[in-house]
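[1] show me the folded form of this:
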Amino acid sequence: MKSKQVLNKNTNLRKVLGVPDGVAILVGITIGAGIYSTPQIIAGYQESFLSIIVLWLIVGLFVFVASLIYAELGTRFPETGGEYIYISRTFGSFLGFLFGWTQLFIIRTSATAGLTIIAVNYLGYFITMTGLEQTILALLIISFLGYLNFIGVGAASLFQKLSTLIKVIGLLLLVIIGIILIDSQTSLIGTKAIASQNLGVIGNTVAAFMLIIFTHTGWDRVGYVAGEMKNPKKVIPQTMIFGIGIIIILYLSINFIYYNTLGIEGLRSSKIVASDTATHLIGPIGAGLVSILVIISAMGSTNGTLMTAPRVYYAMSKDGLFFNWLNYVHPKYQTPSRAIIVHCVWASLILIVRGQFETIAVGMVFAVLIFYLFTTAALIKQRKSNEGSGVFKMPLYPFLPIVFFIGITLLLLFRAYYEWEKSLIDLALIATGIPFAIIWKRKKLR
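    Residues are numbered from 1 along each chain as shown. Okay, the predicted model is just below:
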């Protein structure tokens with residue numbers, strides 16, 4: 001029995017992922033439910049398409065800069081664990097633990113539960129279900145995707161590539177159909193309406209920024225599977241550049257179609273903006289097709305989360321900062337199987353206890369932005385102390401990371417000012433990990 005445990009701990013993760021896999025993970029996680037659920041809310045904070053598309057473009061550029069930061073750190077630390085590795089190797093295990101804690105108990109498991117709910121809600125377009133039946137189906141989806149990741153990164157990666165291909169083609173078709181039918185439709189892109197939300201100019205802009213950033217979250221998890229890449233120093237930078245480029249083009253294009261078809265007031269009154277857009281363009285069949293697209297998109301994003309987030313818990317345990325039994329690679333499937341199970345169980349509990357997508361998603365972006373700051377600071381410190389050899393180096397250093405750091409800091413401060421109650425709750429959730437960080441650090445020292 002003892003020899004079997006040693007074997008399991010010494011079993012290595014399979015290095016099978018290339019650039020197409022990395023792009024599939026990045027695009028597959030990022031394009032989840034956000035692009036189908038946030039545009040109608042964002043429309044309430046601004047007065048015109050022009051002001052909104054400028055915000056989308058700014059966020060797209062910031063995310064691209066962030067991806068360059070992550071690409072360099074990923075090649076400096078080509079290990080499984082992503083930001084946990086970058087932060088803990090630079091600032092120590094205390095901050096590294098807080099990041100991993102937040103991932104498990106707030107950010108990534110909430111995303112898994114929330115996206116699964118979105119998939120089930122859109123499935124309700126075809127099948128009438130009770131609340132209990134919806135919950136059971138959502139739990140079955142989590143179990144299925146968890147099993148897929150349990151039995152091997154190859155099977156999960158295949159599902160990720162297929163779902164990503166479908167969702168990208170689906171969005172492209174919606175964009176192309178919208179462009180083709182522009183002349184036959186009355187364009188509403190130039191319509192304006194006074195903002196329906198009243199947080200002031202800055203407050204409304206910050207709220208819109210947070211929602212747009214939420215729609216872009218997911219790309220940062222590519223580094224979580226660095227230990228399973230064939231050549232991470234090559235795969236990570238190319239994945240970031242190609243993947244983020246695809247995201248920016250798709251998001252800007254689909255927003256153009258939304259506003260051209262529905263107008264700003266049409267978006268505000270819509271609850272399923274993509275389906276309503278498709279209905280206007282190609283009739284009632286469009287709503288059904290888009291519902292299928294959203295289901296696949298949400299499941300693909302959930303699968304991408306399961307491919308990446310458990311690697312953080314595994315890496316923490318490997319460093320002696322989490323439950324020792326999570327430092328386990330399945331001897332047959334060569335996956336961090338126990339970490340995957342823990343992720344699925346906690347996501348299922350969140351789903352059962354909270355139940356609604358809106359409730360589950362609260363605070364996610366604020367926590368993510370805080371760790372973006374630490375990751376950017378990690379790059380700056382690494383550059384000062386260790387130039388590194390054979391690593392990708394982001395262009396226009398230190399100008400770009402400094403501008404990014406200042407921008408995120410201002411966004412966090414403005415959000416804390418205009419929505420201080422929500423910000424305090426978010427900080428409190430992160431702070432719950434502090435006593436556990438102290439306990440595990442002392443345990444490791446002993």
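
[2] show me where the stretch 201-350 of the chain has its strands.
    In the stretch 201-350 of the chain, no strands are defined using DSSP state E, counting those that start in this stretch.

[3] where does pLDDT dip in it?
    Within the stretch 201-350 of the chain, the ranges that satisfy pLDDT under 70 run 224.

[4] what about stretch 398-411, distance to the chain center?
    20 Å (C-alpha atoms, centre = their mean, to the nearest Å).

[5] no, scratch that, I was asking about stretch 365-372
    Relative to its parent chain, stretch 365-372 has a centroid offset of 12 Å by C-alpha atoms, centre = their mean.

[6] just the CA coordinates for that stretch, please, in CSV.
    This file holds the C-alpha atoms of stretch 365-372, laid out as CSV (Å, rounded to 0.1, in the frame of the first residue of the first chain):
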residue,chain,number,x,y,z
VAL,A,365,-14.3,40.0,-10.9
PHE,A,366,-13.2,42.1,-7.9
ALA,A,367,-11.2,39.1,-6.6
VAL,A,368,-9.7,38.4,-10.0
LEU,A,369,-8.5,42.0,-10.4
ILE,A,370,-6.7,42.0,-7.1
PHE,A,371,-4.6,39.0,-8.1
TYR,A,372,-4.0,40.6,-11.6
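
[7] for it, what is the average pLDDT?
    For stretch 365-372, the mean pLDDT works out to 87.

[8] could you do stretch 69-77 as well?
    Averaging pLDDT along stretch 69-77 gives 87.

[9] buried ones in it?
    For stretch 69-77, the neighbour count (16 or more other C-beta atoms under 10 Å) marks 69-77 as buried. (C-beta placed from N, C-alpha, C; glycine too.)

[10] with just CA atoms, put that stretch into CSV.
    This file holds the C-alpha atoms of stretch 69-77, laid out as CSV (Å, rounded to 0.1, in the frame of the first residue of the first chain):
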residue,chain,number,x,y,z
ILE,A,69,2.5,39.6,-18.8
TYR,A,70,1.2,36.1,-18.2
ALA,A,71,3.0,34.7,-21.3
GLU,A,72,6.3,35.9,-19.9
LEU,A,73,5.6,34.6,-16.4
GLY,A,74,4.4,31.3,-17.9
THR,A,75,7.7,30.8,-19.7
ARG,A,76,9.7,31.8,-16.6
PHE,A,77,7.7,29.3,-14.5
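
[11] just the residues contacting it, thanks.
    For stretch 69-77, the surrounding residues in contact (C-beta atoms under 8 Å, 6 or more residues apart in numbering) are 82-83, 85-86, 89, 219-220, 222-223, 226, 232-233, 236-237, 240-241, 375-376, 378-379, 382, 386, 388, 390-394, 400-401, 404.

[12] do the same with stretch 173-183
    By C-beta under 8 Å, 6+ apart, the surrounding residues in contact with stretch 173-183 are 250, 253-254, 256-257, 260-261, 274, 277-278, 281-282, 290.

[13] at 10 Å what do you get?
    Here stretch 173-183 makes contact (C-beta atoms under 10 Å, 6 or more residues apart in numbering) with 185, 189, 249-250, 252-258, 260-261, 274, 277-278, 280-282, 286, 289-290, 293.

[14] just put the buried residues of stretch 69-77 in JSON lines and tack on distance to Leu137 and secondary structure.
    Shown next, in JSON lines, are the buried residues of stretch 69-77 (distance: C-beta to C-beta, whole Å; DSSP: H, G, I helix; E, B strand; the rest coil):
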{"residue": "Ile69", "distance to Leu137": "39", "secondary structure": "helix"}
{"residue": "Tyr70", "distance to Leu137": "35", "secondary structure": "helix"}
{"residue": "Ala71", "distance to Leu137": "38", "secondary structure": "helix"}
{"residue": "Glu72", "distance to Leu137": "42", "secondary structure": "helix"}
{"residue": "Leu73", "distance to Leu137": "39", "secondary structure": "helix"}
{"residue": "Gly74", "distance to Leu137": "36", "secondary structure": "helix"}
{"residue": "Thr75", "distance to Leu137": "41", "secondary structure": "helix"}
{"residue": "Arg76", "distance to Leu137": "43", "secondary structure": "helix"}
{"residue": "Phe77", "distance to Leu137": "39", "secondary structure": "coil"}
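
[15] ok, those residues vs Phe322, which is closest?
    Using C-beta to C-beta, Phe77 comes nearest to Phe322 of those, at 18.3 Å.

[16] what subset of the contacts of stretch 69-77 is buried?
    82-83, 85-86, 89, 219-220, 222-223, 226, 232-233, 236-237, 240-241, 375-376, 378-379, 382, 391-392, 394, 400-401, 404.

[17] so which of the residues you listed sit within helices?
    By the criterion of DSSP state H, membership of these in helices covers 83, 85-86, 89, 232-233, 236-237, 240-241, 375-376, 378-379, 382, 400-401, 404.

[18] how many neighbouring residues does Pro78 have?
    The number of residues packed near Pro78 is 19, by other C-beta atoms under 10 Å.

[19] quick one: the residue lying closest to it once chain neighbours are set aside from Gly22, how far?
    Leaving aside its chain neighbours, Pro78 sits nearest to Pro232 (3.7 Å; criterion: C-beta to C-beta, 6 or more residues apart in numbering). Distance of Pro232 to Gly22, computed by C-beta to C-beta, to the nearest Å: 9 Å.

[20] go on, Ile249?
    Distance, Ile249 to Gly22, by C-beta to C-beta: 18 Å.

[21] where does Ala24 fall, secondary structure wise?
    Using DSSP states H and E, Ala24 maps to helix 19-30.

[22] quick check: next helix or strand after that helix?
    helix 34-37.

[23] mind giving me the packing neighbours of that following helix?
    helix 108-123, helix 153-180, helix 200-216, helix 232-268, helix 273-282, helix 285-318, helix 357-361 (3 or more C-beta pairs under 10 Å, 6 or more residues apart in numbering; DSSP states H and E).

[24] circling back to that earlier point, kindly supply the PyMOL command isolating those of the contacts of stretch 173-183 that are buried.
    Under the burial definition 16+ other C-beta under 10 Å, those of the contacts of stretch 173-183 that qualify are selected in PyMOL by:
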select buried, resi 189+250+253+254+255+256+257+258+260+261+274+277+278+280+281+282+286+289+290+293
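
[25] for Gly154, which non-adjacent residue is closest in space?
    Per C-beta to C-beta, 6+ apart, closest to Gly154 is Val16, 6.0 Å.

[26] hmm, the one you found is touching Glu228, no?
    Yes - counting by C-beta atoms under 10 Å, Val16 does reach Glu228; the two are 6.4 Å apart.

[27] okay, these two: which has more neighbours?
    Shown here are Val16 and Glu228; by other C-beta under 10 Å, Glu228 has more neighbours (23 against 15).

[28] just list the residues touching the more buried one, thanks.
    12-17, 21, 80, 153-154, 157, 307, 311, 334-336.

[29] do you know how far it is from Ser37?
    31 Å.

[30] how many neighbours does Thr135 have?
    With other C-beta under 10 Å as criterion, Thr135 counts 18.
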